[in-house]
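1. Here is a sequence with its predicted model. Questions after.
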Amino acid sequence: MRDLPRRSVLGLLGAAGLAGVPGVAAAQPSSAPPAGVTGAEAPSRSATALAPPPGGWRAVAEDVRAETRWAWKSYVDRAFGHDQIKPVSGTSEEFFVPGHPMGLTVVEALDTLWLMELDAEFAQGVAWVKASLDFDVDAPFQVFETNIRLLGGLLSAYHVSGDAALLALARDLGDRLLVAFTKSPTGIPYRYVNLRTGAVSSPETNLAETGTYITEFGSLSKWTGDRKYYDAAKKAMKYAYDKRTSYNLLPWDVHAETGAWRNRYTTIGPPADSFYEYLWDGWHLFGDRDLKAWWDVLLKAVLRHQTDVVNGRLWFSPVDAFTARRDSRTQSELASFFGGLFAESGDIARGRAYHDSWTAVQDRYGVLPEGIDYTSLRPTSAGNQLRPEYADGAFFLWLATRDELYRERAHRHYQEMKRTSRTTYGYTILTDVTTGAKGDFCPGYWWSEQLKYYWLIFGDARRFDYTSHYLSTEGNLFLGARR
C-alpha cells in the first residue's frame, strides 16, 4: 500500500469557470515570481544530461506506449478487475478492501490509455467499469485515496469520452464520499467512510487528507450542476487555513471533530503536500480568488521559514509551525513535484533550482529513494514505490520553459525505471535503490501518472491540449482533452 498522500500535478493555464459559485471567476494568468527570487533563467546542466535519443523524442514516446500496452496485457491476463497486479509473481491484490476488488488499476489507467490512442484497451477498461464497478460496499474506504483515484479516474474518463454512464458512477461515488464532510462538526472530512452505510471513522487526519478534493469535487459540481461538492471541499480547506499559526504556517496533523492541531510541524512533503497543490489548482481550474489568496499567504510563509540552501542546493526543511524553528534536514521524494508547481505558479527560477537538487539525487542513485537527508543525500528510506513526482516536475518545467534539459531528465528517469523495475509481468517497486532489490507490487497511480507524464513530455500527444489543460494530483485529466 502506498505511503501517505502526495501530490503531484497541476494544469498550466487551464481556465474553466464554475457557474453559480459566488467568488469564483475566470482564472487569470500566472502570478509573477515571489519577491526575493534571484538567479539567471538559464538552465543548470546535470553532469549526466543525455543527448536526444536516436530517432528523436517520438521514438521514446512510442517505446513508452509499447511498454504500456505490454504491461496492460499482463494485467488483463493475470489480474483484470483486481486493484493491482503483483508483477513478479503474476498474482493480484486489493487496495481498499481485502477480498473485494474495485478495479483500481482499470480506473486509474483509463485516460492514460485514451491519451496514448490505445483505443481497444480503453474500450476494454470502460466496458469493465460499466459492467462491474459498484460502490454499494459495506466497508470503510479511505476518503482521500478514493477521491483522487476512483472519483478522479471516473471524472477524467468522462472528460475524455463524454460517456454519461461514467459521470453517473462518479456522482454516485461523490455522494457517498460527501458524508465524510457533512457529518464532521468542522467540515474537515473523516479519514474513512463506509460506502454503503455512511458510517464515518478516524477523525485523526492530516492536511493533505483535509484539502485534496477541490478539483475532483469542483469538476463534479461543474458537470452535474450541483455546487454542494465544491462547497464541501472549499469549507474544509478554509477551516484549516483559518487556523494557521502566527507565522502563517500549518501543522500537518489535525483532528476533524475538534479542529485542533495534533502536532507542531509543517512540511511541503507528505502528509501535507497536495493541500498546497490544490490551492493553486482550484485557482487555475475555477478562478477562485479565495484559494489564490490563501496560496499566496501560505507560500510566502513556506519560502520565508522553510527555505534551506545546503551545498548550493535548494531544499525546504520541516519546521515547528509555532516557532518557525527547523525540525530536521530531511526531504521526501514525494515533495519533488514542487519544482513543477513553482514553474506553473510563475517562479521558474525556484522551480529550476529545486529540480536541480533532486537531479543530484537521481545522478547519485539512478532511482530516487523515498526519503533523504539532504545534507548528505543519503537515504532515510531506501525503497522506491514507482514514484512519479520527479517526472511530474520535469514535465511542468518543460511546459513552462520548453528547455530540452527537462526532456533529458525525464528520459533518464524512464531509462532507469526500465532498467531496475521491469519484471516478468510488468513493473514493480524497489525495496532498496542502492542494491536494486525488487518488491512485488505495481501501484495503481503508476498507470495514471508516470506513464502519462512520459507520454506527454516525449510524444507531442495529439489528444492533449498543451496550452489549456489540467492534471490532478493523481494525474487525472479534467481539462484539455482533444476529442
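-> It's in. Since this is a predicted model, take the numbers as computed values, not measurements.

2. Which positions in stretch 163-173 come out as buried?
-> Buried residues in stretch 163-173, counting neighbours by 16 or more other C-beta atoms under 10 Å, are found at 166, 167, 169, 170, 171, 172, 173. C-beta coordinates here come from the backbone N, C-alpha and C atoms, glycine included.

3. Would you mind measuring from the residue lying closest to residue 429 once chain neighbours are set aside to residue 446?
-> Distances taken as C-beta to C-beta, 6 or more residues apart in numbering put residue 439 closest to residue 429, at 4.3 Å, once the chain neighbours are dropped. Residue 439 is 13 Å from residue 446, where distance means C-beta to C-beta, to the nearest Å.

4. Can you pick out the residue with more neighbours from those two?
-> More crowded of residue 439 and residue 446, by other C-beta atoms under 10 Å: residue 446, with 28 against 19.

5. quick one: contacts for the spatially closest residue to the more buried one that is not a sequence neighbour?
-> Leaving aside its sequence neighbours, residue 446 sits nearest to residue 386 (C-beta to C-beta, 6+ apart; 4.6 Å). The contact partners of residue 386, taken as C-beta atoms under 8 Å, 6 or more residues apart in numbering, are 417, 421, 427, 428, 429, 442, 443, 445, 446, 450.

6. I'd say the fourth one and residue 441 touch.
-> Read it as residue 428. Yes: between residue 428 and residue 441 there is a contact at 6.1 Å, judged by C-beta atoms under 8 Å.

7. my guess is residue 441 meets residue 89, correct?
-> No: at 10.0 Å, residue 441 does not count as touching residue 89 under the criterion of C-beta under 8 Å.

8. Residue 325 is in contact with residue 317, correct?
-> No: counting by C-beta under 8 Å, residue 325 is not a contact partner of residue 317; they are 9.9 Å apart.

9. Who has more neighbours out of those two?
-> It is residue 317, of residue 317 and residue 325, that has more neighbours when counted by other C-beta under 10 Å, with 20 against 11.

10. contacting residues for the more buried one?
-> 306, 308, 326, 327, 328, 329, 330.

11. Separate out the buried members of these.
-> 306, 308, 327, 330.

12. pLDDT score assigned to the last one?
-> Right, the one you point to is residue 330. pLDDT for residue 330: 98.

13. and what of residue 52?
-> In the prediction, the pLDDT value recorded for residue 52 is 73.

14. can you count the residues close to it?
-> Using other C-beta under 10 Å, residue 52 is surrounded by 13 other residues.

15. Show me where this protein dips below the pLDDT cut-off.
-> For the chain, the stretches flagged by pLDDT under 70 are 1-51.

16. and if we set it to 90?
-> Residue ranges of the chain with pLDDT under 90: 1-54.

17. ok, which pair from the contacts of residue 317 is furthest apart?
-> Greatest spacing in these, by C-beta to C-beta: 306 and 330 (12.3 Å).

18. joint contacts of the two?
-> Common neighbours of residue 306 and residue 330 (criterion: C-beta under 8 Å, 6+ apart): 317, 318.

19. hmm, back to that, list phi and psi for the residue nearest to residue 446.
-> phi 50, psi 50 (degrees, to the nearest 10).

20. distance of it from residue 438?
-> Relative to residue 438, residue 386 is positioned 11 Å away (criterion: C-beta to C-beta).

21. what is in contact with the two at once?
-> By C-beta under 8 Å, 6+ apart, the residues touching both residue 386 and residue 438 are 421, 428, 429.

22. out of those, which is most surrounded?
-> Within the shared contacts of residue 386 and residue 438, neighbour counts (other C-beta under 10 Å) peak at residue 428, which reaches 25 neighbours.

23. Please name the nearest non-neighbouring residue to it.
-> Spatial nearest neighbour of residue 428, chain neighbours left out: residue 87 (4.8 Å); criterion: C-beta to C-beta, 6+ apart.

24. And for residue 89?
-> residue 440 (5.5 Å).

25. For burial, what's the neighbour tally of the one you found?
-> Residue 440: 17 surrounding residues under other C-beta under 10 Å.

26. you'd agree it is in a helix?
-> No: if the criterion is DSSP: H, G, I helix; E, B strand; the rest coil, then residue 440 is coil and not within a helix.

27. doesn't residue 84 make contact with it?
-> No: with contact defined as C-beta under 8 Å, residue 440 and residue 84 do not form a contacting pair (10.4 Å).

28. Residue 480 and residue 469 touch, don't they?
-> Yes: counting by C-beta under 8 Å, residue 469 is a contact partner of residue 480 at 2.6 Å.

29. Which helix runs longest in this structure?
-> Criterion DSSP state H: the longest helix present in the chain is helix 56-79.

30. related to what we said a few turns ago, in strands, which of the contacts of residue 317 fall?
-> Members of these lying in strands (criterion: DSSP state E): 308, 330.

31. Tell me how far residue 273 lies from residue 280.
-> On the measure of C-beta to C-beta, residue 273 and residue 280 end up 12 Å apart.

32. More neighbours: which of these two?
-> Shown here are residue 273 and residue 280; by other C-beta under 10 Å, residue 273 has more neighbours (28 against 22).

33. From what I see, the more buried one and residue 208 are in contact.
-> Yes: Residue 273 is within contact range of residue 208, at 5.9 Å (criterion: C-beta under 8 Å).

34. In contact with the residue nearest to residue 433 when sequence neighbours are not counted, which residues?
-> Spatial nearest neighbour of residue 433, chain neighbours left out: residue 367 (4.5 Å); criterion: C-beta to C-beta, 6+ apart. By C-beta under 8 Å, 6+ apart, the contact set of residue 367 is 384, 416, 417, 420, 421, 430, 433.

35. now swap in residue 393 and tell me
-> Per C-beta under 8 Å, 6+ apart, neighbours of residue 393: 336, 337, 338, 339, 340, 341, 351, 354, 355, 358.
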